[in-house]
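Student: Fold the stuff below for me.
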Amino acid sequence: MKAANSDTSVKQLTIRLPVRLLEDAKALAKRRHTSVNELVRSLLEAGAAEEREAELARAYELFAQDAAGSDVEPFVDAQAEVARHA
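Tutor: Numbers count the residues shown, from 1 in each chain. Okay, the predicted model is just below:
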């Protein structure tokens, strides 16, 4: 198997879902013309990226609080760029 992202190896994961949630996932995958596997993988990737962005934002806020008088505005665009490519 080959992953859809840049990873060249994959691991298999088994999860237990309520029947209704699995039915919803199958219906959503069908509407998106994809597999349930791809749907779950993409949703997990999106969630992980969102978490990384939130963590980076928290770090910048802490930096701004700790560095009294520091100007972090010039770094906002760089932060967004890093988050987009994470």
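Student: Give the buried residues for the helix or strand that contains Glu55.
Tutor: According to DSSP states H and E, Glu55 maps onto helix 36-66. Across helix 36-66, burial judged by 16 or more other CB atoms under 10 Å covers Leu39, Arg41, Glu53. All C-beta spots, glycine's among them, are computed from the backbone N, C-alpha and C.
Student: same for that helix, what does it pack against?
Tutor: Taking 3 or more CB pairs under 8 Å, 6 or more residues apart in numbering; DSSP states H and E as contact, the helices and strands that helix 36-66 lies on are helix 19-31, helix 76-84.
Student: can I get the buried residues of helix 36-66 in CSV with distance to Tyr60 and pLDDT?
Tutor: Rendered in CSV, the data for the buried residues of helix 36-66 read as follows (distance: CB to CB, whole Å; pLDDT from 0 to 100):
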residue, distance to Tyr60, pLDDT
Leu39, 32, 98
Arg41, 29, 96
Glu53, 11, 91
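Student: show me the contacts for Leu22.
Tutor: Applying CB atoms under 8 Å, 6 or more residues apart in numbering to Leu22 gives the contacts Val36.
Student: want to throw the buried residues of helix 36-66 into TSV with distance to Phe63?
Tutor: Formatted as TSV, those follow (distance: CB to CB, whole Å):
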residue	distance to Phe63
Leu39	36
Arg41	33
Glu53	16
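Student: For the chain, name the helix or strand with the lowest mean pLDDT.
Tutor: helix 76-84 (a mean of 80; mean pLDDT, DSSP states H and E).
Student: now for that helix, which elements pack on it?
Tutor: helix 36-66.
Student: end-to-end on stretch 27-37?
Tutor: Its first and final residues considered, stretch 27-37 spans 13 Å by CA to CA, to the nearest Å.
Student: Would you indicate which residues of it are buried?
Tutor: Residues of stretch 27-37 classed as buried by neighbour count (16+ other CB under 10 Å): Ala29.
Student: just stretch 79-86 next, same as before
Tutor: Within stretch 79-86, the residues that qualify as buried are Ala83, counting by 16+ other CB under 10 Å.
Student: Residues touching that stretch, excluding its own?
Tutor: Ala49, Arg52, Glu53, Leu56, Ala57, Tyr60.
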